[in-house]
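Enquirer: Sequence and predicted model, in that order:
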Amino acid sequence: MKAIRFEGRRILPVDIPVPDVKPGEALVRVSMAGICGTDIAIFNGYTHFEGVPGHEFAGVVEKCPDRPELIGKKVVADINIGCGACSDERHCPKRRVLGIRGHNGAFAEYLAVPAINLHPVPERLETRHAVFTELLAAALEISQQIHIHYHDRIAVLGDGPLGILVAAGLRQYSGGVVIAGRHPEKLAIAEKQGVKTFLLKKNTTPEDLLSQLGRFDITVDATGSPQGINWCIPLTRPEGTVAVKTTTSEKSGIDLSAVVVNELHLMGSRCGDMALALDFLETQRVHVEPLIEAVYPFVEFEAAFSHAMKKGSRKVLVAMPG
């Protein structure tokens, strides 16, 4: 089968065998995959992953001995694969992560995934929208980690697809969500979903942001930058929460004095509930179509990845053959 590997900041199209289905696994034919900021970070050295990347996808089950009722069904999948003994597979110390850590991912014609990880996609949900399930689940996870009140003031920094989905998702829980970013056309996508917006100019500083917007109960770093958290900390009220979604290959340095003096809660936020995300997509509580910038055929993966790496790009999808 055709697949993609990253090696030393190179994209290598390869031919590899279709994966064998081990006990407890399913063979999924990938229909469409999304290129994520994490994929770009992996390409730049984050996690030192070796194998087939890609973790945002929708596909059709071709083999599944443990759940034969899923054969022929369109599915998405949880990306964390635990050892089987842990109660929390997401944080299993021996976990593999689809396309990120120890397990081949979705930039291939087929992939093997534990049957227990599969989630059927509602029939009326388009494949191109189902690809957003994992990303939306991650965005919504903040709402599962923090008790959000309607009058809470929430600032989301970063207007990439993740930031927009975080803002649009949290808007379902709070009327005080503001997203700050540098791209008017992307901020407009969030604004159409009821989110207030703030355009960051080239010379805007964290102090400028604080003077114009004031402090927030919750701030979210979805900038994709190692410095994003240093914009969030000054914006967060004493005893407020900073939720960090950014993952990069670079290290972040933070002002611990401000964290200690203001007694801030720093919270990492990663993957989320796929079933919740599918429900949001099916009921159109968030709209992902405006986030799609381009769809490339798989044979043009290098061009697709180059497009996705452009500063300010929205979501780039890759359609598999057939």
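Expert: It's in.

Enquirer: Helices along the stretch 101-250 of the chain, start to end?
Expert: For the stretch 101-250 of the chain, the helices defined by DSSP state H, counting those that start in this stretch cover 127-130, 133-145, 161-170, 184-191, 206-213, 228-235.

Enquirer: Pull out the buried positions in the longest one.
Expert: If you call a residue buried by 16 or more other CB atoms under 10 Å, then helix 133-145 has these buried ones: 133-143. Yep, even glycine has a C-beta here, placed from its N, CA and C like the rest.

Enquirer: want to throw the residues you listed into TSV with pLDDT and distance to residue 248?
Expert: Below are the buried residues of helix 133-145 laid out as TSV (pLDDT from 0 to 100; distance: CB to CB, whole Å):
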residue	pLDDT	distance to residue 248
133	98	23
134	97	19
135	97	17
136	98	21
137	98	21
138	97	15
139	97	18
140	98	22
141	98	19
142	97	19
143	97	24
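
Enquirer: What is the nearest of those residues to residue 37?
Expert: Closest approach between these and residue 37, by CB to CB: residue 135, at 9.4 Å.

Enquirer: from what I can see the closest one touches residue 36, true?
Expert: Yes: the pair residue 135 / residue 36 is scored as a contact, 6.8 Å apart, by CB atoms under 8 Å.

Enquirer: what is in contact with these two at once?
Expert: Counting by CB atoms under 8 Å, 6 or more residues apart in numbering, the shared contacts of residue 135 and residue 36 are residue 56.

Enquirer: Residue ranges in the stretch 101-250 of the chain under the pLDDT threshold?
Expert: Applying pLDDT under 70 to the stretch 101-250 of the chain picks out no residues at all.

Enquirer: Let me have the helices of the stretch 101-250 of the chain in a markdown table, extended by distance to residue 73.
Expert: Shown next, in a markdown table, are the helices of the stretch 101-250 of the chain (distance: least, CB to CB, whole Å):
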| stretch | distance to residue 73 |
| --- | --- |
| helix 127-130 | 12 |
| helix 133-145 | 14 |
| helix 161-170 | 25 |
| helix 184-191 | 31 |
| helix 206-213 | 46 |
| helix 228-235 | 38 |
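
Enquirer: Quick check: which of these is buried the most?
Expert: The highest mean neighbour count among these, using mean count of other CB atoms under 10 Å, belongs to helix 161-170: a mean of 28.

Enquirer: pLDDT (mean, whole number) over stretch 264-272?
Expert: If you average the pLDDT over stretch 264-272, you get 95.

Enquirer: List the neighbouring strands of the strand ranked longest in the chain plus their orientation.
Expert: Identified as the longest strand of the chain according to DSSP state E is strand 25-35. Here strand 25-35 has these sheet partners by DSSP bridges: strand 56-63 (antiparallel), strand 110-114 (antiparallel), strand 315-319 (antiparallel).

Enquirer: now these as JSON lines including distance to residue 46 and mean neighbour count?
Expert: Shown next, in JSON lines, are these (distance: least, CB to CB, whole Å; neighbours: other CB atoms under 10 Å):
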{"stretch": "strand 56-63", "distance to residue 46": "16", "mean neighbour count": "24"}
{"stretch": "strand 110-114", "distance to residue 46": "21", "mean neighbour count": "24"}
{"stretch": "strand 315-319", "distance to residue 46": "19", "mean neighbour count": "23"}
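
Enquirer: Among the ones you listed, which comes closest to residue 151?
Expert: Per CB to CB, nearest to residue 151 of those: strand 315-319, 31.6 Å.

Enquirer: How many residues are close by the residue nearest to residue 2 when sequence neighbours are not counted?
Expert: Of all residues not flanking residue 2 in the chain, residue 109 sits nearest, at 5.5 Å (CB to CB, 6 or more residues apart in numbering). Residues lying near residue 109 (other CB atoms under 10 Å) number 17.

Enquirer: circling back: which neighbouring elements make contact with the very next helix or strand once past the longest strand of the chain?
Expert: For strand 25-35, the following helix or strand on the C-terminal side (DSSP states H and E) is helix 37-43. If contacts are counted by 3 or more CB pairs under 8 Å, 6 or more residues apart in numbering; DSSP states H and E, helix 37-43 sits against helix 301-308.

Enquirer: what's the distance between the helix it packs on and the middle of its chain?
Expert: Offset of helix 301-308 from its chain centre (CA atoms, centre = their mean, to the nearest Å): 18 Å.

Enquirer: Please apply the same query to stretch 289-304.
Expert: Taking CA atoms, centre = their mean, the mean C-alpha location of stretch 289-304 is offset from the chain mean by 17 Å.

Enquirer: Now do that stretch: everything it contacts.
Expert: Applying CB under 8 Å, 6+ apart, the contact partners of stretch 289-304 are 2, 4, 11, 13, 32, 35, 107, 109, 128-129, 132, 161, 164-165, 189, 192, 307, 313-321.

Enquirer: Fine by me, we can end here.
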